[in-house]
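Asker: I would like to see how this sequence folds:
(chains A, B and C)
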Amino acid sequence: MRRELAPWLTGREVRSVDLLAPAGPKYAGLERLAGRLIEGVGRRGKFLLMPLSGGLELVAHLGMTGVIADHAPDARASTHLRVRVELSGGDPGTLFFSDPRRFGRFLVVDAGHYPTLPTLAALGPEPLGDDFTPAGLAAACARSTMPVKAYLLSQRPVAGVGNIYADEALWRAGVHPRTPAAWLGEDQVAALCAAIREVLAAAVAAQGTTLSDYRTVRGGTGEYARQLQAYGRAGEACPRCGTEMERSIVGQRGTTHCPTCQPAPRKTRRGA
DNA sequence: CGCATTTCCTGGTAGC
DNA sequence: TGCTACCAGGAAATGC
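Answerer: Coordinates of the predicted model:
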C-alpha cells in the first residue's frame, strides 16, 4: 500500500477532511490535517506514516478490514466510510478510508511522538531491513517466556508479522507455534528469521493477501492467498509431508500447524 | 515490567 | 425464511 500511496500523495496538499465516524482516539487530531503538505509516505510494520508540514504526521493502520482507496466505496460499502480527504491538484483528488469493523486508525500526531500508540512506539525492527538479524531475534526471544507465535504477534521482536504470516513463517521454519520463545535453539531462530523475511517479501510482491476484505488502493486484490501453505488449512494435508494439519488457539488466535514438520517443543540444554 | 485476559466491531455463516 | 449464536483478529486497556 505504501508503494501505491507514495507516488500519489507525496507533495500533495490537503484541502479538507471529512470525518464520518464518531470522533475518538482512533481519529484523533484530524482537525489539524487540512492545509498540510504531505511530505512522503513511510511505513513501520503495519503502520503507514505520512510526514506532514508543520512537524505533524498522519498515522494510518488498517486493523483487519480497513481500506484506503483512491475511489469512492460502492453503495453497499459506503456505510463504512470513515474519513474522506480532499487533495489539491490532479486526479485522483480524494482519499477514502473505510473500515467496516472499526479496528483501524487514522489520526494526526506530532511527528515521531506516539504516546497513544504504544505498539508503534515499541515496535521491533523492520523484517526486510538490515536490523532484523538472527542474532537480534535470538536476543529478543531469550527474554520472553511467551509462546513464540504470541511473541511474534506482539510486534516487539519484529515489526509487521500478523496472524497469517506468523503461521506461514512458523510452518516454513518448522517451529511449533507454542514453543516458548526462550526455548528456541540457534538453528530454529535462524530458520525463523529467514522464513519471516521470505514470507513477507513474497507477500509484498503479490500485493498482500486478500481473503475477503483487503483491497489495494486502486481496488485490486492481493494474490498471496494462493500461496498460503498453512494458514486456514487445518484438516488438509501438509504441503511438505502430507500429515493432516491441526488447528489450535495460540495467543487467543486461530492457529494452524503441521504436527510432523512442527513438532511439539521439548526443552533441551542450550549449546548441547 | 511482563504477560494474560478482555474489549472493541460487523459481516458471514452454521444450526435450527 | 428468519432467528440466534458464534467466529474472524490488531492493538489497546485492564488486571495481576
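Asker: Skipping its backbone neighbours, what lies nearest the spatially most central residue of chain A in space?
Answerer: When CA atoms, centre = their mean is applied to chain A, the residue found nearest the centroid is residue A:46 (3.5 Å). In this structure, residue A:46 finds its nearest non-sequential neighbour in residue A:160, 5.5 Å apart by CB to CB, 6 or more residues apart in numbering. Using the backbone N, CA and C atoms, a C-beta is placed for each residue, glycine as well.
Asker: which element is that neighbour on?
Answerer: Taking DSSP states H and E as the definition, residue A:160 sits outside all helices and strands.
Asker: Contacts only, for the residue nearest to the centre of chain A.
Answerer: By CB atoms under 8 Å, 6 or more residues apart in numbering, residue A:46 lies in contact with A:61-62, A:155, A:159-160, A:162.
Asker: do the same with residue A:215
Answerer: A:67, A:69, A:221 are the contacts of residue A:215 under CB under 8 Å, 6+ apart.
Asker: so which strand or helix has it?
Answerer: Secondary structure from DSSP H and E places residue A:215 outside every helix and strand.
Asker: wait, does the longest helix along chain A make contact with DNA strand C?
Answerer: Across chain A, the longest stretch assigned as helix under DSSP state H is helix A:186-205. No: using CB under 7 Å from any atom of the strand, helix A:186-205 stays clear of DNA strand C, coming no nearer than 12.6 Å.
Asker: now what about that helix, what contacts it?
Answerer: In contact with helix A:186-205 (CB under 8 Å, 6+ apart) are residues A:127-128, A:132-134, A:137-138, A:141, A:148, A:152, A:158, A:160-161, A:165, A:168-170, A:172-175, A:179, A:184, A:209, A:222, A:224, A:227.
Asker: Check which residues of that helix are buried.
Answerer: By 16 or more other CB atoms under 10 Å, the buried positions in helix A:186-205 come out as A:188-193, A:195-197, A:199-200, A:203-204.
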